[in-house]
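Trainee: Turn this into a model:
(2 chains)
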Amino acid sequence: RKEVEQDPGPFNVPEGATVAFNCTYSNSASQSFFWYRQDCRKEPKLLMSVYSSGNEDGRFTAQLNRASQYISLLIRDSKLSDSATYLCVVNKASSASKIIFGSGTRLSIRP
Amino acid sequence: EAGVTQFPSHSVIEKGQTVTLRCDPISGHDNLYWYRRVMGKEIKFLLHFVKESKQDESGMPNNRFLAERTGGTYSTLKVQPAELEDSGVYFCASSLRAGGPLTDTQYFGPGTRLTVL
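Mentor: I've put the predicted structure just below:
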């Protein structure tokens, strides 16, 4: 079983739609969680950290469910520029600095 | 402020040759990381430097890979001799600090796309 699992997609949704991704992680001792965004042939860029209480940044909302070991990302009022691959990232419990990437979920927003 | 830079952006070499990748972290970042993404797979951790010291090299695939960070500034990753399965995108990242309950944000470079023929 992979340490971080994501639905690879692709998710193809119309502009303005709301879309949600989930990610599960295997190690219950993990403490840091992130969503990164990666555009085609570009480097990953931090979208947002995920806190226990959940957090929101504009159209983006991240939630953490420790009991079920999953993280979610909700994008509201999606824009064409949101098209990208979204990477779920979790720190390795034995090493705060070592992060584990999911394989990513591809999102495509259509006009 | 300049971000993480990597050189070269692309490298095409033949099996058995040597390639050296370079990473310049954000100025003042003590922590430097190397990652690799092979085709169709997720990005995987290779190693972590704190200044010039290797903090964690558990992700290095084998002894054909050698990473250095002399002086604690830029880092090099040498692959010698390169094999076909080494093809992929090698990312470097840096962060101000690491450890503790919240990992400090890692900023990624644009990557080096390595193709071994």
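
Trainee: Now for residue 76: which residues touch it?
Mentor: Since you didn't name a chain, this refers to chain A. Residue A:76 sits next to A:18, A:59-61 when contact means CB atoms under 8 Å, 6 or more residues apart in numbering or on different chains. Heads up, the C-betas are built off the backbone N, CA and C, glycines and all.

Trainee: I was thinking of chain B, sorry if that wasn't clear
Mentor: With contacts defined as CB under 8 Å, 6+ apart, the neighbours of residue B:76 are B:20-23, B:67-69.

Trainee: List buried residues within these.
Mentor: B:21-23, B:67, B:69 (16 or more other CB atoms under 10 Å in any protein chain shown).

Trainee: out of the residues you listed, which one sits closest to residue B:40?
Mentor: Within the buried ones among the contacts of residue B:76, the smallest distance to residue B:40 is 21.0 Å, found for residue B:21 (CB to CB).

Trainee: Just to check, the closest one is in contact with residue B:10?
Mentor: No. Using CB atoms under 8 Å, residue B:21 and residue B:10 do not qualify as a contacting pair, with a distance of 10.9 Å.

Trainee: Between those two, which contacts overlap?
Mentor: For the pair residue B:21 and residue B:10, residues contacting each of them under the criterion CB under 8 Å, 6+ apart are B:112, B:114.

Trainee: one step back: pick out the most distant pair among the contacts of residue A:76.
Mentor: Distance extremes for the contacts of residue A:76: the farthest pair is A:18 and A:60 at 11.1 Å, using CB to CB.

Trainee: Those two: which is more packed in?
Mentor: For residue A:18 versus residue A:60, the count of surrounding residues by other CB atoms under 10 Å in any protein chain shown is larger for residue A:60: 17 against 12.

Trainee: Quick check: that one touching residue A:49?
Mentor: No. Residue A:60 is beyond contact range of residue A:49, at 11.5 Å (criterion: CB under 8 Å).

Trainee: could I get the contacts of residue A:76 as TSV with distance to residue B:63?
Mentor: Supplementary listing: these in TSV, determined by distance: CB to CB, whole Å:
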residue	distance to residue B:63
A:18	49
A:59	47
A:60	42
A:61	45
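
Trainee: just the residues you listed now: which is nearest residue A:82?
Mentor: Out of those, the member with the shortest distance to residue A:82 (by CB to CB) is residue A:59, at 8.2 Å.

Trainee: So that closest one is in contact with residue A:77, correct?
Mentor: Yes. At 5.4 Å, residue A:59 counts as touching residue A:77 under the criterion of CB under 8 Å.

Trainee: Can you name the residues of chain A that neighbour chain B?
Mentor: Taking CB under 8 Å from any CB of the partner chain as the test, the list of chain A residues beside chain B reads A:2, A:4, A:31-32, A:42-46, A:49, A:87, A:91-92, A:95-104.

Trainee: Sketch out the low-pLDDT regions of chain A for me.
Mentor: For chain A, the stretches flagged by pLDDT under 70 are A:93-97.

Trainee: Please read the previous query as pertaining to chain B.
Mentor: Counting by pLDDT under 70, chain B contains low-confidence residues at B:1, B:98-103.

Trainee: who does residue A:75 bridge with?
Mentor: With beta bridges defined as DSSP bridges, residue A:75 has these partners: residue A:19, residue A:60.

Trainee: can you pull the contacts of it?
Mentor: Taking CB under 8 Å, 6+ apart as the definition of contact, the neighbours of residue A:75 are A:18-20, A:59-60, A:82, A:107.
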